[in-house]
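[1] Turn this into a model:
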Amino acid sequence: MLELAILGFLAEGSLAGHEVRRRVTQLTGYTRPVSDGSLYPAINRLAKAGLLERRPDPRAGAARYLLSLTEAGRVDLLQRLRKPADHEITDFSRFHTVLSFLSQLPDVTEQHAVLRRRLAFLEEPASFFYDGDRPLRAEEVADPYRRGLLLTARATSRAERAWLREVLGEEPLAHS
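    Residues are numbered from 1 along each chain as shown. Take a look at the predicted model:
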């Protein structure tokens, strides 16, 4: 997801490495802080793969670089957005990153295909706690903290499903 975020921000324009770090941190920092030890190796991998280019920043001197997306990087970004891995659909933080750059896909049909995958995932019965294979509902859990977790997750899921249906132009389901 770090590479997707780097490519996504560079699709919006050239940036210095420290600005990429700031933007990625703002996007994901509260759940997955980004360190220089993970950011700069990711930038180096993307540069080595020809997905971004690094050139001296004329405003900041030879020690600073501007990063730019290459045409190959744009193609790679669009492919990552068209076909996110299953775990990028099911994991909230990862999907948040995909969603942040989904408008880079020029075809609304492709954008909606990704949103439909997320909606299908959210409509499957699930829980953090199970009785055998049966997901437990908040009302079935005695522990107040686990119950709170389930109630919060339910509210978040309902809100996200409603938003997804609105964007997709679908009618809400009766049990939502």
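[2] quick one, strands of this protein?
    Here the chain has its strands, by DSSP state E, at 15-16, 52-57, 61-69, 130-131, 134-135.
[3] Any regions of this protein where pLDDT drops low?
    Within the chain, the segments meeting pLDDT under 70 span 29-32, 60-63, 172-176.
[4] residue nearest the centroid of it?
    T97 (1.7 Å; C-alpha atoms, centre = their mean).
[5] ok, the residue nearest to it when sequence neighbours are not counted - contacts?
    Excluding the flanking residues, the one nearest T97 by C-beta to C-beta, 6 or more residues apart in numbering is M1, at 4.6 Å. C-betas here are computed from N, CA, C, even on glycine. Counting by C-beta atoms under 8 Å, 6 or more residues apart in numbering, M1 makes contact with T28, R32, E88, S93, R94, T97.
[6] in the longest helix along the chain, what's buried?
    Counting residues, the longest helix found in the chain (DSSP state H) is helix 144-168. By 16 or more other C-beta atoms under 10 Å, the buried positions in helix 144-168 come out as R147, L149, L150, S157, E160, R161, L164, R165.
[7] Name the nearest of those residues relative to A113.
    Distance ranking of these against A113, using C-beta to C-beta, places L164 first at 12.3 Å.
[8] and that closest one, how far is that from S38?
    30 Å (C-beta to C-beta, to the nearest Å).
[9] now do A85
    Relative to S38, A85 is positioned 19 Å away (C-beta to C-beta).
[10] Of those two, which one has the most company?
    More crowded of A85 and S38, by other C-beta atoms under 10 Å: S38, with 14 against 11.
[11] Are any of the contacts of M1 buried, and if so which?
    T28, E88, R94, T97.
[12] which pair in those residues spans the largest distance?
    T28 and E88 (13.1 Å).
[13] Against T156, how distant is A162?
    Counting by C-beta to C-beta, the gap from A162 to T156 is 11 Å.
[14] helices or strands next to the longest helix of the chain in the packing?
    helix 108-122 (3 or more C-beta pairs under 8 Å, 6 or more residues apart in numbering; DSSP states H and E).
[15] Okay, buried residues for the helix it packs on please.
    Result for helix 108-122 [16+ other C-beta under 10 Å]: buried residues Q111, H112, V114, L115, R117, R118, L119, L122.
[16] what do you get for stretch 43-59?
    Going by neighbour count (16+ other C-beta under 10 Å), the buried part of stretch 43-59 is I43, L46, A47, L51, L52, E53, D57.
[17] Thank you kindly, that will do.
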